[in-house]
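Asks: Just the structure for this:
(one chain, ligands or ions: 1)
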Amino acid sequence: MRLKDRTAVVTGAASGIGKAIALRFAAEGAIVVIADLDETPREGGVTTVSAIEASGGRAVFCRCDVSRADDLTAAINMAVGLGGRLDVMVNNAAIGTDTPLLETSEADWERVMSVNAKGVFLGCREAVRRMVTQEPRGEVRGRIVNISSQHGMIRAPNDFAYGVGKATVVYMTRQIAGDYAEQGIVCNAVAPGKILTGKTGRAIAPEMLAYSQSRTPWPRLGRPEDVANAVLFLSSDEASYITGENLMVDGGWMAN
Ligand SMILES: NC(=O)c1ccc[n+]([C@@H]2O[C@H](COP(=O)([O-])OP(=O)(O)OC[C@H]3O[C@@H](n4cnc5c(N)ncnc54)[C@H](O)[C@@H]3O)[C@@H](O)[C@H]2O)c1
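Replies: So this is what the prediction gives:
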């Protein structure tokens, strides 16, 4: 129970990787706020809250658009209402356009940036605003884990705005880690490689999977649980002198 009685907000936790993070946190004793546009998992199956409750854990859903500061404040207030504080903020929600530069309209750019960049900025700002008012647990007042991507460091084929947004997340993580270390805020990122989430469409088109496997030295592609385990580590007391880091969970994609 590495997060026993800790409270966490996980954005985009209705589906995919966010859902796996929320399930892992709850299994480790956390009270988890599932902050998402919609409770229905994109990949089908039961909702995150139902899955957590069925295993005896604690979770609530909060309808939240991460591009709106008020929605994030409401999600954080929900966590504080349940557990008295916000221990962990995971900024996971993200979208893409599946377009290169010349096919990316201004509207596409603004839509992606409002989630992938502004949504993480707001999630960090509202979390830090709350965390700096809390008494520290040991050395740490609160922890942030931002979900970036290997495509924040190298080009994102056919997803220009997505990649730029992810690069922004890596930068923001370092800046916040440096600016708020004095106040006991730990801020890290986790960069997944190709993770199979149960999504359909382009994400699992044969040529996309073949490309991802050709880039990944490890003989399989990633699972949501691979990312969740790394996020759990960075959210636990085991990782207190690690801050400003962008931890690859990519089967060696970036080493290749
Ligand atoms: N799956 C991969 O291969 C992969 C690789 C690298 C990085 N990532 C990153 O991991 C994270 C999760 O990816 P995933 O594959 O699980 O995605 P997903 O599309 O399966 O899930 C994203 C979730 O975010 C929610 N969401 C979207 N816009 C939102 C908004 N404005 N406000 C609140 N919630 C919103 C969606 O409703 C959905 O539940 C993302 O940050 C993504 O960029 C994923």
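
Asks: which ones are touching Met172?
Replies: Contacts here follow C-beta atoms under 8 Å, 6 or more residues apart in numbering; on that basis Met172 touches Val120, Phe121, Cys124, Asn146. Yep, even glycine has a C-beta here, placed from its N, CA and C like the rest.

Asks: Could you do Met254 as well?
Replies: So Met254 contacts Gln150, Met153, Ile154, Ala191, Gly193, Met248 (C-beta under 8 Å, 6+ apart).

Asks: Which among those residues count as buried?
Replies: Buried subset of those (neighbour count, 16 or more other C-beta atoms under 10 Å): Gln150, Met153, Ala191, Gly193, Met248.

Asks: Which pair of those residues spans the longest distance?
Replies: Met153 and Gly193 (11.1 Å; C-beta to C-beta).

Asks: Next one: the nearest residue in space to Gly16 that is not next to it in sequence from Leu122, what distance?
Replies: Spatial nearest neighbour of Gly16, excluding adjacent residues (C-beta to C-beta, 6 or more residues apart in numbering): Thr197 at 3.7 Å. The gap separating Thr197 from Leu122 is 24 Å, by C-beta to C-beta, to the nearest Å.

Asks: got it, and Ser15?
Replies: Taking C-beta to C-beta, one finds Ser15 at 20 Å from Leu122.

Asks: These two - which one has more neighbours?
Replies: Comparing Ser15 with Leu122 by other C-beta atoms under 10 Å, the one with more neighbours is Ser15, at 25 against 21.

Asks: The more buried one and Ala203 touch, don't they?
Replies: No. At 11.8 Å, Ser15 and Ala203 do not qualify as touching, with contact defined as C-beta atoms under 8 Å.
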